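Sequence and predicted model, in that order:
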Amino acid sequence: NDGTILDTADPKSWEAFQVSHRRLVEGVTELSKKVRADAELTALIKKKFSIKNTTGYSINALVDFDSPLEIIKHLMVGSEGTFGFVSRATYHTVPDYKNKASAFIVFPTVEDASNATWELRKAGCTDAVELMDRRSLYTCEDMEHLHFLR
């Protein structure tokens, strides 16, 4: 709660933070080492965060990253208000090409859809794919403008 601003995209900001908050950086590094030393805990974290996780602290940062900067940056996800807050974010999105297309393709199984996605990715002909399973589609099939889902 000291009001320090850490700009994770600015190397000078990170250098200054490492000096002014040396104990915090060392603590995060040490915590990461302790978590990684516990094989059972590491496996549990990896398993839990292999499932789509959109809430709570991103403690997987302790096992997913080696750099204290990356660990701190990723711990901020889900912890806004507790550890600090994000005052500015830069999104790295896919290019906005002049010519683009979209398709809605129905596959018999999720495995078939996944295989097709992999083939498209290998061919380099797509930048993004959204996979929606039956449960996802069920939530919107009663919307009148999506009548074709029925």
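Okay, I see it.

Strands of this protein, residue ranges please.
Counting by DSSP state E, the chain has no strands at all.

what stretches of this structure score poorly on pLDDT?
1, 52-55, 147-150 (pLDDT under 70).

what's around the nearest residue to Arg88 once chain neighbours are set aside, how many residues?
In space, Arg88 comes closest to Asp7 once its chain neighbours are excluded; the distance is 7.9 Å by CB to CB, 6 or more residues apart in numbering. (Each C-beta comes from the backbone N, C-alpha and C, glycine too.) Look at Asp7: counted by other CB atoms under 10 Å, it has 13 neighbours.

Could you pull up the residues touching Asp7?
Residues near Asp7 by CB atoms under 8 Å, 6 or more residues apart in numbering: 13-14, 88.

Also Val110?
So Val110 contacts 131, 133 (CB under 8 Å, 6+ apart).

let's go with 7 Å and repeat that
Asp133 (CB atoms under 7 Å, 6 or more residues apart in numbering).

now Asp127
The contact partners of Asp127, by CB under 7 Å, 6+ apart, come to Val94.

Distance check, it against Asp96.
10 Å (CB to CB, to the nearest Å).

And Val28, by the same measure?
For Val28 relative to Asp96 (CB to CB), the value is 36 Å.
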